[in-house]
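>>> Could you work out the structure for the sequence below:
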Amino acid sequence: MKKQFIIIIMIISCLISQADSETTYFTDYTRTPNFIQYLGTVTLEANAIEQGQDELGVFVDNDTDQGLLVGATVIGDLYNDRYLVSVHGDDTTTDIQDGADANDILTFKVWDKSENKLYVLSDANSISAETATGIVLPSLPPTYTANNLKQYGDLNLNVRNQDLSISLVRFKAIAREDQVEIFWTTASEINVSGFLLDRKCPSEETYTAIEPTPITSTGDSTNGDDYNIVDKNGISHIYCEYRLILVDLDGQQSIIGSTTSQPAINSNLDMNEDDQFGIADIIILMKRIVE
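Okay, here's the model as predicted:
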């Protein structure tokens, strides 16, 4: 009940204004007529968020290293540990890029004022979504949508003192006879403890864990590794969705990939040996015919 009351207050507040606090660090952005809002909680490992002091900035990629700032707020202005930020879309009536485009992936950054330290957050290390009454559950990674004035949350941010990074090269699930083989490859892993896998079929409402304990990480900051696991329930799970979940050194979990299992194709058609039939196989096949 308390959480619902907080959310109602925040929704009323956003109807009055665009919920843009007077920030001092994240300041160089344009308030456009088009905007959506994200709200949620912010936690900072080892230190407390300074209410009314620490700031949150939202960015999208552009031609600069820092990205384009499209929204900012002071954390805790409305309620302790919570933020409400307006994310501004591009104003097409101007000749410059002054906001986010539809489907742009959003990057959240937190500025710790007392330490004068900037934290960059992403879905891979510190962002999670939680259902809240009266607002839309956000996608991960969070994106800018063209639904003006729409609210998304709870999008909860966990600011880590320890960097976490992983480069996922591929993630696939292939049905072979009476079982499904799931495999993935990483190029690098930083502060990763292991991986979990779960599955949800079209007839199911919730995900089911494939293994009860994490698969141990064997990569490092300069080298990744190949992983695979077999879902022995097999053929009944063709066309089911599998999710790959990263577990960090603190035991926290982040979804880093999802894929739908597919039947293995005839090896005679799999020209590039990637366990699927696509345009690359057609090109190779055509070249062989010409030759």
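
>>> can you pull out the strands in the stretch 51-200 of the chain?
55-60, 68-74, 82-88, 107-112, 117-121, 127-129, 151-153, 155-159, 165-176, 179-190, 192-200 (DSSP state E, counting those that start in this stretch).

>>> Return the member of the ones you listed having the minimum mean pLDDT.
Lowest mean pLDDT of the strands of the stretch 51-200 of the chain: strand 117-121, a mean of 78.

>>> Give the partner strands of that one in its sheet and their orientations.
Here strand 117-121 has these sheet partners by DSSP bridges: strand 107-112 (antiparallel).

>>> contact partners of the strand it pairs with?
25-26, 42, 44, 47, 50, 54-61, 67, 75, 117-122, 127, 142, 157, 159 (Cβ atoms under 8 Å, 6 or more residues apart in numbering). Where you see a C-beta, it was placed from the backbone N, CA and C, and this is true even at glycine.

>>> PyMOL command for the buried members of those?
In PyMOL syntax, the buried subset of these is picked out as below (16 or more other Cβ atoms under 10 Å):
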select buried, resi 25+26+42+44+50+54+55+56+57+58+59+60+67+75+119+121+122+127+142+157+159
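
>>> before we move on, the earlier item: Serialize the strands of the stretch 51-200 of the chain to JSON lines and add fields for distance to residue 257.
Compiled in JSON lines, these are given as follows (distance: least, Cβ to Cβ, whole Å):
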{"stretch": "strand 55-60", "distance to residue 257": "22"}
{"stretch": "strand 68-74", "distance to residue 257": "26"}
{"stretch": "strand 82-88", "distance to residue 257": "25"}
{"stretch": "strand 107-112", "distance to residue 257": "19"}
{"stretch": "strand 117-121", "distance to residue 257": "18"}
{"stretch": "strand 127-129", "distance to residue 257": "15"}
{"stretch": "strand 151-153", "distance to residue 257": "22"}
{"stretch": "strand 155-159", "distance to residue 257": "20"}
{"stretch": "strand 165-176", "distance to residue 257": "4"}
{"stretch": "strand 179-190", "distance to residue 257": "7"}
{"stretch": "strand 192-200", "distance to residue 257": "10"}
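
>>> so which of the ones you listed gets nearest residue 136?
Closest to residue 136 of the strands of the stretch 51-200 of the chain is strand 151-153 (Cβ to Cβ; 5.1 Å).

>>> which strands and helices sit next to that closest one?
On a contact count with 3 or more Cβ pairs under 8 Å, 6 or more residues apart in numbering; DSSP states H and E, strand 151-153 meets helix 2-16, strand 35-44.

>>> In what element of secondary structure is residue 239 found?
Of the helices and strands defined by DSSP states H and E, none includes residue 239.

>>> pLDDT value on it, please?
In this model, residue 239 carries a pLDDT of 81.

>>> which residues touch it?
Residues near residue 239 by Cβ under 8 Å, 6+ apart: 201, 202, 260, 261, 262.
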